Each structure stands twice: as C-alpha cells, then as structure tokens.
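Trainee: structure for this input, please:
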Amino acid sequence: MRALSFILCLLLSTPALAADCVVLLHGLARTAASMRVLEDALLAQGYSVSNLSYPSRQAPIEALAPAAVAAGLDECATHSPQQIHVVTHSLGGILLRAYMQQFPETKIGRVVMLGPPNQGSQVVDHLHDSPGFAWLNGPAGMQLGTAEDSVPKALGPVNFELGVIAGTRSVNLLLSTHLPEPNDGKVALASTKISGMTDHIALPVSHTFMMRDAEVIAQVLAFLAEGRFRSEYE
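Mentor: Below is the predicted model of the structure:
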C-alpha cells in the first residue's frame, strides 16, 4: 500500500517532461512483455517509451549491445525527445554499458539498472560447465561470470547518471546457494555496484519479478525525475 501511494504521489507531484522518452532493455531469456508493467507506469507519468524485444540467447554481448540499444534509441528518437533515459533489467544493463563504451559520444539522460550483474554473477562461475547451462543462457549468459576478464569486469566505470536497484529476496533457493548474501537469486547485492554510479538502493525483491514490483517502479520514477532514490521517510 505504501508503495502504491508513493507512485500516486509521484504521478501527481512530478510530471515528466512531455518530450522525454525512456528506453527499456529487458534481461536474459526475457522479452519486452516482462517490462510491460513498468512501461505502463512510465506512460502514465507522461514519458514516451521504447520497449523492444531482442534475441538475448542468440548472440554474445558484443553483438547484442549495438543492435538492441541502438534499436531502442532510434525508436525514441522518432518522438523528437528532449532527453532519452534508459531503464534496464539484468543483462540489459550490461548491454547498455557495452554500447556506451563503444559509442561514448552517445547522449543519454538518466539510467536506472534493476539487478544488474555489474561485477558478474557467481552463478555463472559455478554452473558454467553444467549440462544445459549454455543452451539455457546462450552466448551472452556465458559471458557474465566474475573473472577479471569477464565482460562486466572489463567494461569499467560508467560515465552517465546511474541509479542501481538491487534485490535481496530470492525465489530460487538453489541458485542462491552459489551466491554470497544478500542476493536476489541470481545476482549478489555487492555485484550490482559499479564505479561512477550516482545512487544505489536495496529492496526486498527477487531478480525474476523486480521490474513489476510497485516499490521498484516508484523508485525508478523518482530517480528519472530527481536523479536520486527516495528514502522511506520522504
């Protein structure tokens, strides 16, 4: 109830600039449908939204990043926005970091990452050679380990305004056994952090469903509007 009230307060008190657009980038083995609840909240706030699916299990990060991110940016550009913001889930955050490293001149506004494996995931380290793991997660999923030469570690600090939301609740107790506490079932809280980020918040949500959580959505709206997350006392 508190989170729903929080969203209503934001909708009434901090309307978005009509010219702003938000690119949504879903996570591994998901589609644009997984971001639909968040998309609806952003549309209600007054943003234009680009929420496109990309083939997350069919190519490595270096191929997915330019295709998926550019498609979202191009669709937002058709609205002639004043600013383009980005909200990502899981792998989507790594794709954005890879894209911004390759095209550092790209102008984006604020970014919110939900459960990003910014330092990789120990799940990939431990299950990398397990039967079926590569088939389930594809080339990009296999690149998300925590070794120093893994893609997340190699990308380095961010140079854009970034807020990170980490989850601390797991609905996958088996995968959680491969992760340090706290974690969201797929990514440890500590692994979501990255040098250069503007703000970071931990919420009692799971990796799988965090993008649909009312409190998470409220915090996304807050960061896009104000450049920071709101505390429970505000």
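
Trainee: only C-alpha atoms for contact and neighbour calcs from this point on.
Mentor: Noted.

Trainee: and the helices in the chain?
Mentor: For the chain, the helices defined by DSSP state H occupy 2-13, 36-45, 61-77, 91-102, 122-127, 133-141, 151-154, 173-176, 214-226.

Trainee: okay, those helices, which one's buried deepest?
Mentor: helix 91-102 (a mean of 24; mean count of other Cα atoms under 10 Å).

Trainee: what is that helix packed up against?
Mentor: Where contact means 3 or more Cα pairs under 8 Å, 6 or more residues apart in numbering; DSSP states H and E, helix 91-102 is packed against helix 61-77.

Trainee: restricting to C-alpha, output the helix it packs on in CSV.
Mentor: Output of helix 61-77 as CSV, limited to C-alpha atoms (Å, rounded to 0.1, in the frame of the first residue of the first chain):
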residue,chain,number,x,y,z
ILE,A,61,27.2,-9.3,-25.7
GLU,A,62,29.3,-7.5,-28.3
ALA,A,63,26.7,-8.3,-31.0
LEU,A,64,23.6,-7.8,-28.9
ALA,A,65,24.6,-4.4,-27.5
PRO,A,66,24.8,-2.3,-30.6
ALA,A,67,21.7,-3.9,-32.1
ALA,A,68,19.4,-3.8,-29.0
VAL,A,69,20.4,-0.4,-27.6
ALA,A,70,20.5,1.3,-31.0
ALA,A,71,17.0,0.0,-31.8
GLY,A,72,15.7,1.5,-28.6
LEU,A,73,17.4,4.8,-29.1
ASP,A,74,16.3,5.0,-32.7
GLU,A,75,12.7,4.4,-31.7
CYS,A,76,12.8,7.0,-29.0
ALA,A,77,14.4,9.5,-31.5
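
Trainee: just how off-centre is that helix within its chain?
Mentor: In terms of Cα atoms, centre = their mean, to the nearest Å, the centre of helix 61-77 is found 14 Å from the chain centre.

Trainee: so for that helix, mean pLDDT?
Mentor: In this model, helix 61-77 carries a mean pLDDT of 98.

Trainee: tell me where this protein is predicted with low confidence.
Mentor: For the chain, applying pLDDT under 70 flags the ranges 1-18, 173, 232-234.

Trainee: now with 50, please.
Mentor: 1-2, 6, 11-14, 17, 233 (pLDDT under 50).

Trainee: so how far is residue 32 from the residue of it most remote from its centre?
Mentor: Here the chain reaches farthest from its C-alpha mean at residue 131, the gap being 27.8 Å by Cα atoms, centre = their mean. Computed as Cα to Cα, to the nearest Å, the residue 131 to residue 32 distance reads 28 Å.

Trainee: same check on residue 63?
Mentor: 19 Å.

Trainee: count the neighbours of residue 182 for me.
Mentor: Using other Cα atoms under 10 Å, residue 182 has 18 neighbouring residues.
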